[in-house]
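J.: just coords:
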């Protein structure tokens, strides 16, 4: 198993935690979208978070969408994940280039800019649940920490990181989400806050080649960490020519007739995986006939 997520508890189930290694799926996204280093880091962080948050869902058909709408040069990020560890996503501007920030790191906050975070949970009900918060730092991990506290009333700590090679491929990617249960004692809360405040950065943990188990052990080992489950995760897009055909069939008859009159093939791009699907004039005529 290359990329995977672990679920865990600690302090007699007063703490629940998730951690993931996501190097391969982030590298797949980088290759598919040809993202710049800073765009790779931003997308990789949100993909990692999406994979872990998707694993929190209870229903097999539940879908989670994380959407950042912002005014920075990256233009926004969208990630969708299911409960089985499948995740996909894209950035609006994959070519964004910025100088390093004051710490000499990739300037994710500068690329994202001021904006909002939408968390959409589709659980098969009439309307999906939508939570929205303003971005606090635009570093993504801190913004999700704020979201959990304000929109879901779950005190949480989110850590996300992406490390790049000199050739701009992904070397390491991963992260964690630690959450307090409603019945967590004040003593445990205080001890955990002290532990997390002394933590080095997630990228430092990844650079030390620590996997999900080692990361959670370093943070929660003294609380009696118990790993309860392991789930593979991957970049997976369920687009297909048949699904795209349904989208084309849903547009207005007049628009479809105009496409046919142009006498040229059309090409439809999937935003999530960047695959292109070509439809000939004859295929368009067949779609119109069925319509």
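T.: Yes, it's here. These figures come from a predicted structure and were not determined experimentally.
J.: wait, what's in contact with the closest residue to residue 40 other than its chain neighbours?
T.: Closest residue to residue 40 apart from its sequence neighbours, by Cβ to Cβ, 6 or more residues apart in numbering: residue 30 at 4.6 Å. In short, each C-beta sits where N, CA and C put it, glycine included. Listed by Cβ atoms under 8 Å, 6 or more residues apart in numbering, the contact set of residue 30 reads 40, 43, 44, 168, 169, 170.
J.: Wait, a helix at the first one?
T.: Yes. The secondary structure assignment for residue 40 places it in a helix, going by DSSP: H, G, I helix; E, B strand; the rest coil.
J.: Tell me which stretches of the stretch 1-150 of the chain form strands.
T.: With strands called from DSSP state E, counting those that start in this stretch, the stretch 1-150 of the chain shows them at 4-10, 15-21, 63-70, 77-82, 86-91, 115-122, 129-134.
J.: circling back: ok, of the contacts of residue 30, which one's closest to residue 56?
T.: residue 44 (19.4 Å; Cβ to Cβ).
J.: I figured that closest one was touching residue 172, is that so?
T.: No. In this structure, residue 44 is not within contact of residue 172 by Cβ atoms under 8 Å, at 9.9 Å.
J.: Same drill for these two, tell me which one is more crowded.
T.: Using other Cβ atoms under 10 Å as the criterion, residue 44 and residue 172 rank with residue 44 on top: 31 against 22.
J.: contacting residues around the more buried one?
T.: 22, 26, 29, 30, 162, 170, 173.
J.: and which of those is nearest to residue 139?
T.: Of all those, residue 162 has the smallest distance to residue 139: 11.8 Å, by Cβ to Cβ.
J.: so how far is residue 144 from residue 226?
T.: Relative to residue 144, residue 226 is positioned 24 Å away (Cβ to Cβ, to the nearest Å).
J.: rewinding a little: and the contacts of residue 30, which are buried?
T.: 40, 43, 44, 170 (16 or more other Cβ atoms under 10 Å).
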